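Colleague: From the sequence below, what's the structure:
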Amino acid sequence: MASSDHRSDSLIRASLFANAVLSMVTGAIAIAFASQLAEFMGLAPVVLTVVGVGVVGFGLAILWTARRETVDLRLARLTVILDIGWVVTGAIVIVGFPGLMSTGGRWLLAAVSTVIGVFAVLQGLGIRSAGGVPPRRLVTEIEIGASPDSVWEVLTDLSEYQSWNPFMVAGSGEVAVGEQLEVRMRQPGGNEATFKPIVTEATSPRTFEWLGRLGIPGLFAGRHRFDLVSSETGTRLVHSEEFTGVLVPVLAKFLDQKTRAGFEAMNVAMKERVEERTSRMA
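Modeller: Next up, the predicted model:
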């Protein structure tokens, strides 16, 4: 265990050092050659000077974090988040505002963003290996007055989600281990996002589970699970998800409030759907 912890710390520290050096060198170049780079990239020199100063300061802060006797995982997580912010912002500028800078400027920004993304991955992997971000688990339950087979039939018919499910408003794919699904989720409040998780367990009529990841490995992942347990009144549905990754602490409040509310809304809707179908068939 000690050896594993040492390797994790070394990975975090090494990636932080490399990140710091790259940031300081990049920032210094932006400041020293602001006029030349501005002409090449199609930007105003003052923009590069301001960005350069900010990047140098960021590099010094990372260097301070990396040189500490014990790496503060909270600061390391913050560094990952800021790196991701740079990558996302760069992508938005390149794709969403192509006229903001020259073609050469876009390529240069893309190259720098790619390197920063690599550092974010390495730091994220090190933090996860060090156990610096404990998983977070949401668990909700509801009693459904129908057999597990009846619940399973509704649960695994993804193509019908759009007709009754307020949380997973659309779905498609084969419910079989190793298959990729497509699920569109609507959080309470109206925001929607589409995920393409992989089925990790499908045992009829007991367990349906999938694993979804957000972009960069180690960033954010969710193991979504439905357990159907026979009960005196029919079936107890245990609807849960375990979240892992460096963004878990950042999203903790959202998960505990919005995501949990989504789970509970789906549970109630599923209960109504299954019991209504069961009563019609009786």
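Colleague: For the closest residue to Glu160 other than its chain neighbours, what is the enclosing helix or strand?
Modeller: Distances taken as C-beta to C-beta, 6 or more residues apart in numbering place Val154 nearest to Glu160, at 7.5 Å, with adjacent residues excluded. Just so you know, the C-beta spots here come from the backbone N, C-alpha and C atoms, and that holds for glycine as well. Per DSSP states H and E, Val154 falls inside helix 148-155.
Colleague: So what touches that helix?
Modeller: 144, 160, 204-206, 208, 226, 228-230, 235, 237, 270, 273-274, 277-278 (C-beta atoms under 8 Å, 6 or more residues apart in numbering).
Colleague: Put the buried members of these into a PyMOL selection.
Modeller: A single PyMOL command selects the buried members of those (16 or more other C-beta atoms under 10 Å):
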select buried, resi 144+205+208+226+228+235+237+270+273+274+278
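Colleague: Just the ones of the contacts of helix 148-155 in strands?
Modeller: Here DSSP state E is the test, and the contacts of helix 148-155 give 144, 208, 226, 228-230, 235, 237 as lying in strands.
Colleague: Outline the domain layout of this structure.
Modeller: Using automatic domain parsing, the domain ranges for the chain come out as 2-129, 136-281.
Colleague: how about TSV for these, with mean pLDDT added?
Modeller: Output for those, formatted as TSV (pLDDT from 0 to 100):
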stretch	mean pLDDT
domain 2-129	81
domain 136-281	93
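Colleague: in the stretch 51-200 of the chain, which spans are helices?
Modeller: With helices called from DSSP state H, counting those that start in this stretch, the stretch 51-200 of the chain shows them at 73-96, 103-129, 148-155.
Colleague: Buried deepest among these, which one?
Modeller: Highest mean neighbour count of these: helix 148-155, a mean of 20 (counted as mean count of other C-beta atoms under 10 Å).
Colleague: How about the contacts made by Ser35?
Modeller: Applying C-beta under 8 Å, 6+ apart, one finds that Ser35 lies in contact with Pro45.
Colleague: Doesn't it lie inside a helix?
Modeller: Yes - per DSSP: H, G, I helix; E, B strand; the rest coil, Ser35 lies within a helix segment.
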